[in-house]
Structures are given as structure tokens and as C-alpha cells.
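Engineer: I need the structure of the sequence given here:
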Amino acid sequence: MASCYLCGTGLAKGQGARRNVRTGTSVAGLFSIPPSAFLVALAALVGVKVPSIRSYFGLRTLCPSCTQRLDAQRSLRRKIVLLIVGSIFFITIAAMLSGQR
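Structural biologist: Predicted coordinates:
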């Protein structure tokens, strides 16, 4: 019997959906902690490699509710990115047109 990767709910055969989800993260470099402005400046002064963060993804089985929630999060993220890109585009066009007058 399979179980949901996110919430652990047991799934009957054929009930789960496969989605690409983040399975882990690793940090390498200076002090092996997430980089901050202070650590990046310190690394530049000392000549040490700047810390890097790496995420790992894999296909995992999810229950219907987790699948729906993950799909909704990704859809919202996509809409926000499109809204920001569209806003920048229209502001750029408006600035170019006002500069021609």
C-alpha cells in the first residue's frame, strides 16, 4: 500500500497522483548555513567560496488533497509571476511613450 509523500495518508492502489516535489535541500560552502549579506561580504573579504543552496526534486505519490493543494500553489505562483512581468512590461511601454512626447 502506497502512502502520500507529504502527509503520509495511506492510498489504495490507483488513488495517488504522481507529482514532481522537492525532496531535499543541501547547503555547501562557508559555515554550511544559508547565505546572508554578512556571510557573502565575509567570504569576499577572506576569499572563501560563497555558500550555495541546492534543492533536490523527484516524482512522488501524493493523495488527492495534497495534489490539489500543490497544484493550486503552483498556479498561484505562476499567476503572480505573470502579473509582475506584465506590470513591468506595461510600465516600460508607458515610460517609453511618455518620453517620446
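
Engineer: Could you use CA atoms for every contact and neighbour count after this?
Structural biologist: Fine.

Engineer: Which elements pack onto the biggest helix by length in the chain?
Structural biologist: Ordering each helix of the chain by length in residues (DSSP state H) puts helix 64-99 first. With contacts taken as 3 or more C-alpha pairs under 8 Å, 6 or more residues apart in numbering; DSSP states H and E, helix 64-99 sits against strand 17-28.

Engineer: mean confidence for the strand it packs on?
Structural biologist: Mean pLDDT, taken over the full extent of strand 17-28, equals 89.

Engineer: Can you spell out which residues form a bridge with the nearest residue to residue 4 once chain neighbours are set aside?
Structural biologist: When the adjacent residues along the chain are set aside, residue 4 lies closest to residue 62, with 4.4 Å between them (C-alpha to C-alpha, 6 or more residues apart in numbering). On the basis of DSSP bridges, residue 62 takes part in beta bridges with residue 17.

Engineer: Could you shift the numbering so residue one becomes 57, and keep it that way?
Structural biologist: Taking 57 as the first residue, the last one we looked at is residue 118.

Engineer: Contacts only, for residue 118.
Structural biologist: Applying C-alpha atoms under 8 Å, 6 or more residues apart in numbering, we find residue 118 in contact with 59-62, 72-75.

Engineer: filter these to the buried ones?
Structural biologist: Neighbour-count burial (16 or more other C-alpha atoms under 10 Å) applied to the contacts of residue 118 gives 59-61, 72, 75.

Engineer: Just send these back as JSON lines, with distance to residue 113 too.
Structural biologist: Shown next, in JSON lines, are the buried ones among the contacts of residue 118 (distance: C-alpha to C-alpha, whole Å):
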{"residue": "59", "distance to residue 113": "18"}
{"residue": "60", "distance to residue 113": "16"}
{"residue": "61", "distance to residue 113": "12"}
{"residue": "72", "distance to residue 113": "18"}
{"residue": "75", "distance to residue 113": "10"}
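
Engineer: Pick the one among the residues you listed closest to residue 141.
Structural biologist: Relative to residue 141, the closest of the buried ones among the contacts of residue 118 is residue 75; by C-alpha to C-alpha it sits at 26.5 Å.

Engineer: what's the distance between that closest one and residue 118?
Structural biologist: 7 Å (C-alpha to C-alpha, to the nearest Å).
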